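Student: Pasting the sequence and the predicted coordinates here, then a few questions.
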Amino acid sequence: MIAQRAQEIAPFIVMDVLERAHAMERAGTHVIHLEVGEPDFDTPPCVKEAACRALEKGHTHYTHSLGNLDLREAICRHYFERYGAAIHPDQVVITSGTSPAMFLLFAALLEVGDEVIVSDPRYACYSNFIKFLQGVPVTVPVYEEDGFQYRPEAIQDKITARTKAIFINSPSNPTGNLLSESRMRAIAEFSPYIISDEIYHGLVYEGQEHSILEFTDHAFVLNGFSKLYAMTGFRLGYLIAPQPFIRPIQKIQQNFFICASSIAQMAGIAALEEAAEDVARMKAIYDERRQFIVKRLRELGFGITVEPTGAFYVFANAKHLSNDSYRLAFDILEKAHVGVTPGIDFGDNGEGYLRFSYANSIENIAEGLNRIERYLVS
Ligand SMILES: Cc1ncc(COP(=O)(O)O)c(C=O)c1O
């Protein structure tokens, strides 16, 4: 009765952890959430005000299927000012979050059996999207001692006649690490398209992130407002694509989604143009939490070889505790009442790790880690 593709798509395990945590909370247990990849901050006031203004002024209708032109122009200015990348508004498609942008991209790019190279570990949904659209994710393991960065030569070994694209994500979920400029430059030289998920750009505490568009225009950029601007519920993202892909992507958008929310798009303009101070404030607080959580996790015996410098995650080695990260995460949840994400959610090479998110207050992080400390000695 149920279509095979719907039966086959893998669950997003972190959501299983979260749903179990919510069930425990409903039963009266106090749970500390270090599993969710969602900013705990309120959306900046200037963004909320822009959304209210959009409502009051009657911007409550469909927009152009590619998105509001003012927003697309603001994105082009942002990419030019920040990275020196000259893109045209006609190369930008506004979507209801980065996730639908990924769907549009793979729907427009992949023939049945086309391969996309992804790192292992990586954001869980990448390979699920690729498989759902009948492509084949080809994994390249990345290692803790390398800061979980790709080795370009390892990518080269996996390129075949079917390789359509190489997927990069810097700063990365789940590892919080950045891809170095030299490795990114080397990867940009390969002939398949590069797909760069830049959703954690702006959340970098040491060093500097680079857009793939600094190195090549044979590339697609995925980006969105969920993380940097604490706008997850607005559902707003975008795709920057080479010109020939725009019309096909637009047709898919028209059929599947029509357009992104008109109100969210007005809010997105304010985010890009007015929220710099709010972003700086949130970033400074994330950095403080980052330093705290890394130090505390190391004290508790978790392995962190290369300190994460971006996003809001620590991918900690827990192999001394278990090689079954799924069971370990659920055991920590049941016994210590702390939600953490099992490394296996991010690929086979993530097994034995736990992802800790520091998108939570320093008080909650401290309490969560105290609980884990008690769990470890019990
Ligand atoms: C690396 C990465 N890409 C994309 C997304 C999806 O974000 P959005 O809320 O824009 O759909 C997430 C969300 O956690 C993410 O971590």
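Tutor: Okay, I see it.
Student: near the ligand, which residues of the stretch 201-350 of the chain?
Tutor: Taking Cβ under 6 Å from any ligand atom, the part of the stretch 201-350 of the chain that reaches the ligand is made up of 224, 226, 232, 237. Yep, even glycine has a C-beta here, placed from its N, CA and C like the rest.
Student: ranking those residues by neighbours, who comes first?
Tutor: For those, neighbours were counted using other Cβ atoms under 10 Å, and residue 224 has the most, 27 neighbours in all.
Student: okay, it: pLDDT?
Tutor: Looking at residue 224, its pLDDT is 98.
Student: ok, so of the residues of the stretch 201-350 of the chain next to the ligand, who is nearest residue 152?
Tutor: residue 224 (26.9 Å; Cβ to Cβ).
Student: In CSV, list the residues of the stretch 201-350 of the chain next to the ligand along with distance to residue 116 and secondary structure.
Tutor: Listed next are those as CSV, based on distance: Cβ to Cβ, whole Å; DSSP: H, G, I helix; E, B strand; the rest coil:
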residue, distance to residue 116, secondary structure
224, 20, strand
226, 22, coil
232, 25, helix
237, 19, strand
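Student: any idea how far residue 326 lies from residue 14?
Tutor: 11 Å (Cβ to Cβ, to the nearest Å).
Student: what does residue 155 give?
Tutor: Distance of residue 155 to residue 14, computed by Cβ to Cβ: 27 Å.
Student: do the same with residue 118
Tutor: 17 Å.
Student: Which helix or strand lies directly C-terminal to the helix or strand containing residue 101?
Tutor: For residue 101, the host element (DSSP states H and E) is helix 98-109. For helix 98-109, the following helix or strand on the C-terminal side (DSSP H and E) is strand 115-120.
Student: what residues does that following strand touch?
Tutor: Outside strand 115-120, the residues that touch it by Cβ atoms under 8 Å, 6 or more residues apart in numbering are 106, 110, 126-127, 130, 135-142, 148, 150, 155, 158-160, 162-169, 172, 192, 195, 346-350.
Student: Out of those, name the ones that lie in strands.
Tutor: In this view, those that belong to strands under DSSP state E are 136-141, 163-169, 195.
Student: what's the closest of these to residue 270?
Tutor: Distances from residue 270 to those, taken by Cβ to Cβ, are shortest for residue 169, at 26.4 Å.
Student: For the closest one, name its beta-bridge partners.
Tutor: residue 197 (DSSP bridges).
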